[in-house]
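Undergrad: Let's see this in three dimensions:
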Amino acid sequence: MKKISKKIFYITIMIVGLIYTSYQIYASVFPSIKTETACITEMFDSIETDGYIIRDEREILGDSKNVLDFIVSDGDKVAKDEVIARLYLNEEEALKAKKYKSIEKEISKLKNINVESELISNNYNTIERQISQNMRDFIKFIYKGEYNKFSKIQNKILYSISLRQTLIGKPYDFSARIEKLKKQQDSFGNISSLKDIKSEYSGYFIGNIDGYEKCFAYNNVENISSEDIDMLFKNNSSPNAGAIAKIVCNSKWYVVFNVSSREALKFKSSQFVRLSMPLVNQEKINASVVSINESNNSERAAIVLLCDDVSKNILFARKGPIRVDFSSYRGISVDKSAIHERTVAKVIKNDDGETTIEIPVKGVYIRCGRQIVFKEIDIIYYGDEYVLCNIHPDDNLFTDGTLQEYDEVIVKGKGLYDGKVVR
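TA: Numbers count the residues shown, from 1 in each chain. Presented below is the predicted three-dimensional model:
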């Protein structure tokens, strides 16, 4: 009988131990709470829609039967009557002329290295700054996607490095290279163009015609209606067959779009906003509201924004999705599911003694080691799934502590209370 009792006792101890071990494993693999790390985020009060760009664009007419060689690049600023292209009899002559000019530039740079090194020999830091600036420009062109400028910046980098070698007394010998380039030039023979094509206007050069240059009058854009904008998006492209390029004559350009009457209430005349254009890799473009034109049925309004930021990407853009940011809010991001309301008591001392005040406050539970702590929050912005909490709430809190960056916020858990111990 004693043996049976001992056996039952040992089996019971083993079962209890097994249950306890299983629980510990389960608790470690499937914790009773789920947390997210609090981080500082920026959110925007914004509107997303489709926008249409209207610029002051003038077409350059020319003979498209022969071969054109543009001697300026897209986005370059040109002056009135400046030569922007040359007309050649055939493609072979055009390629020879381009190659000849490229070689001529390289020879000139190689010859000038020694001259320039003498001019700046007393200031070695000048060339170091030039190399650094060229490298920054190279990175900027990559970010903006301006790949057409790679060749120019590459030559600048190589040239400045060669100049530095000359300054430190270890110059490269370019005489053989120069002689070889001259022989290449001589092999081309005589090259003659049929005609020089000059720009009739000053502004930014674009060697592309998209057919929307004359869809709406630039000088009348402030009076555009919602119906006009509808037509702009419906119109098909119809490029002028006689146009070979265009000049954007004004650095100021407009973005027009339609919004609902409710959304239109967010816009005020002369108000400054920030514009983002994802398809052209442009963010945070400064813009001002110049017109809010309500439609006849008062259900929509045409909005006109004025911008003056100019880049190659913007000069090629015509229409696409945009985002207009009105205000930005910076704070600690918290999932809405993590917010709890709790009644907090606070003792206030005065001349009559002590008074206890109880008030409901909003806050979150955070994990601090193995203990749960309640922290009050001051919400400054409500999003769809998240809220932003004030980083420095100052006197807006009833309690002493508030949420801090990197706190482990509990977003899922049962039976949460201040001071609870968790595994």
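
Undergrad: Y88: neighbour count?
TA: 22 (other CB atoms under 10 Å). Where C-beta positions appear, they are placed from N, C-alpha and C, glycine not excepted.

Undergrad: make that A38, sorry
TA: A count of nearby residues for A38, using other CB under 10 Å, gives 23.

Undergrad: Tell me the bridge partners for W253.
TA: Under DSSP bridges, the beta-bridge partners of W253 are C307.

Undergrad: got the contact list for it?
TA: Residues counted as contacts of W253 (CB atoms under 8 Å, 6 or more residues apart in numbering) are I53, I54, R55, D56, L306, C307, D308, V310, I314.

Undergrad: how much space is there between it and N208?
TA: Going from W253 to N208 by CB to CB, to the nearest Å gives 16 Å.

Undergrad: Please, where are all the helices along the stretch 101-250 of the chain?
TA: Under the criterion DSSP state H, counting those that start in this stretch, helices of the stretch 101-250 of the chain are mapped to 124-144, 150-167, 175-186, 226-234.

Undergrad: starting at the chain centroid, how far to the second one?
TA: In other words, helix 150-167. Relative to its chain's centre, helix 150-167 lies at 30 Å (CA atoms, centre = their mean, to the nearest Å).

Undergrad: Can you check the pLDDT for L416?
TA: Per-residue confidence (pLDDT) for L416: 88.

Undergrad: Which element, helix or strand, includes the nearest residue in space to it that is not next to it in sequence?
TA: Spatial nearest neighbour of L416, chain neighbours left out: Y365 (4.8 Å); criterion: CB to CB, 6 or more residues apart in numbering. Assigned by DSSP states H and E, Y365 belongs to strand 353-368.

Undergrad: Now do that strand: everything it contacts.
TA: By CB under 8 Å, 6+ apart, the surrounding residues in contact with strand 353-368 are 33, 35, 38, 334, 338-349, 372-377, 379, 397-399, 403, 407-410, 413, 416, 418, 422.

Undergrad: of the residues you listed, buried ones?
TA: By neighbour count, with 16 or more other CB atoms under 10 Å, the contacts of strand 353-368 hold 33, 35, 38, 334, 338-339, 344, 372-377, 379, 397, 403, 407, 409-410, 413, 416, 422 as buried.

Undergrad: average pLDDT across stretch 247-261?
TA: Stretch 247-261 comes out with an average pLDDT of 95.

Undergrad: Among the contacts of strand 353-368, which are located in strands?
TA: Among the contacts of strand 353-368, DSSP state E puts 35, 334, 339-349, 372-376, 379, 408-410 in strands.

Undergrad: Surely I47 and P321 touch.
TA: No. If you go by CB atoms under 8 Å, I47 and P321 don't touch, sitting 11.4 Å apart.

Undergrad: So between those two, which is more surrounded?
TA: More crowded of I47 and P321, by other CB under 10 Å: I47, with 19 against 12.

Undergrad: Distance-wise, check the more buried one relative to S295.
TA: From I47 to S295 the distance is 17 Å (CB to CB).

Undergrad: So which of the contacts of W253 wins on neighbours?
TA: Among the contacts of W253, R55 has the most neighbours (other CB under 10 Å), with 25 neighbours.

Undergrad: isn't that residue right next to F216, touching?
TA: No. Assessed by CB under 8 Å, R55 is found out of contact with F216, at 10.4 Å.

Undergrad: picking that back up, of all the contacts of W253, which comes closest to P239?
TA: R55 (15.7 Å; CB to CB).

Undergrad: if I pick that closest one, what's in contact with it?
TA: Y218, V248, N250, W253, Y254, L315.

Undergrad: Show the buried residues in these.
TA: Buried members of these, counted by 16+ other CB under 10 Å: Y218, V248, W253, Y254, L315.

Undergrad: Excluding sequence neighbours, find me the nearest residue to the first one.
TA: It stands for Y218. Closest to Y218 by CB to CB, 6+ apart is D56, at 4.5 Å.

Undergrad: C249 is in contact with the one you found, correct?
TA: Yes. D56 is within contact range of C249, at 4.7 Å (criterion: CB under 8 Å).

Undergrad: Residues that sit against both of those two, list them.
TA: Here D56 and C249 share the contacting residues G203, scored by CB under 8 Å, 6+ apart.

Undergrad: Who's the closest spatial neighbour of Y204, skipping the chain neighbours?
TA: V248 is the one closest to Y204 (CB to CB, 6+ apart), at 4.3 Å.

Undergrad: Distance of the one you found relative to C307?
TA: Counting by CB to CB, the gap from V248 to C307 is 13 Å.

Undergrad: and if you look at R164?
TA: With CB to CB as the criterion, R164 and C307 are 40 Å apart.

Undergrad: Repeat that for Y88.
TA: 38 Å.

Undergrad: now do K182
TA: From K182 to C307 the distance is 48 Å (CB to CB).

Undergrad: Now do the contacts for N90.
TA: Applying CB under 8 Å, 6+ apart, we find N90 in contact with N66, V67.
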